[in-house]
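Student: have a look at this fold, sequence not included:
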């Protein structure tokens, strides 16, 4: 392949990444924050449903309002509030007799960029 030939793809995700994220670190950082928020929201939902609790019951157990639980599960908060969400996840885990552990692991999907992805694990 010559240097003048562009590589083409039909992969929609790659095309969107090239158009909207390539060489735009602010957008990549925002996307990573959204991924983390979604993962945390799912973990909170899973913890609550595994414990067979409603949002109201979990909120009462943690000492917060149902709206806070709903906001966390729906990831309906700003990126700058992510630290507060992590602290709330810790409170929720503790109320359910669990603890939060953080792990940094290679992200195989973007290994070519050698980036690391933070995953959240909640354990006993």
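Tutor: Cool, got the structure. In this text, all values refer to a predicted model and were calculated from it rather than measured experimentally.
Student: what about the residue nearest to residue 79 when sequence neighbours are not counted, neighbour count?
Tutor: In space, and not counting its chain neighbours, residue 79 is closest to residue 33: 4.4 Å by Cβ to Cβ, 6 or more residues apart in numbering. In this view, the C-beta of every residue, glycine as well, is placed from N, C-alpha and C. Residue 33 has 15 neighbours, counted by other Cβ atoms under 10 Å.
Student: separation between residue 33 and residue 91?
Tutor: In this view, residue 33 and residue 91 are 21 Å apart by Cβ to Cβ, to the nearest Å.
Student: now residue 11
Tutor: Here residue 11 is placed at a distance of 41 Å from residue 91 (Cβ to Cβ).
Student: these two: who's more crowded?
Tutor: Neighbour totals were compared for residue 11 and residue 91, and residue 91 leads with 15 against 10 (other Cβ under 10 Å).
Student: which neighbouring elements make contact with the helix or strand where the more buried one lies?
Tutor: For residue 91, the host element (DSSP states H and E) is helix 82-95. Helix 82-95 sits against helix 25-50, helix 55-62, helix 66-73, strand 99-106, strand 116-123, with contacts defined as 3 or more Cβ pairs under 8 Å, 6 or more residues apart in numbering; DSSP states H and E.
Student: list the contacts of that helix.
Tutor: Applying Cβ atoms under 8 Å, 6 or more residues apart in numbering, the contact partners of helix 82-95 are 33, 36-37, 40, 43-44, 47-48, 58, 61-64, 68-69, 72, 77, 99-100, 120, 122.
Student: now do it: distance to the chain's middle.
Tutor: Distance of helix 82-95 from its chain centroid, counting by Cα atoms, centre = their mean, to the nearest Å, is 13 Å.
Student: swap in stretch 16-33?
Tutor: Here stretch 16-33 is found 16 Å from its chain centre; the criterion is Cα atoms, centre = their mean.
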